[in-house]
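*Asks:* Give me coordinates for this.
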Amino acid sequence: MVDLNKLSPPALRAAMKGGTAGWGTVASATENVRYVQALPKIKARRRCYCGCGNKATHLGMANGMGLTRGCELSMQRWAKTGHARAVTQAPSAAHGDAS
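*Replies:* Numbering: from 1, shown residues only. Below you'll find the predicted structure:
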């Protein structure tokens, strides 16, 4: 059983929304509630893979387990949509051209 008093506010919100079954043992970005937590302050960090060139300062989590890391913007986007990079349409589809 998960001790809810020891969870961070984003983790507690996700646990209340999606339940605590399998918390900390198995996680899925499609099946469980996604949320973001800040990484501890350290000097050496990995680079974000979204293409911004910034350092990875946040962790993308689901069901109490870290699944990905990146800059704050990319992880907020990942938590909302499931994609860390911006999803864009093809130029012809965006303007409604039927070619």
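
*Asks:* Centroid-nearest residue for the chain?
*Replies:* G60 (3.1 Å; Cα atoms, centre = their mean).

*Asks:* Need the residues that contact the stretch of helix or strand that residue belongs to.
*Replies:* Per DSSP states H and E, G60 falls inside strand 58-62. Contact with strand 58-62 is made by 10-11, 14, 27-29, 32-39, 66-72, 75-76, 78-79, 84, as judged by Cβ atoms under 8 Å, 6 or more residues apart in numbering. C-betas here are computed from N, CA, C, even on glycine.

*Asks:* What strands flank that strand, and is each parallel or antiparallel?
*Replies:* strand 34-38 (antiparallel), strand 65-70 (antiparallel) (DSSP bridges).

*Asks:* R46: which of these is closest?
*Replies:* With Cβ to Cβ as the criterion, R46 lies closest to strand 65-70 of the strands paired with strand 58-62, at 6.7 Å.
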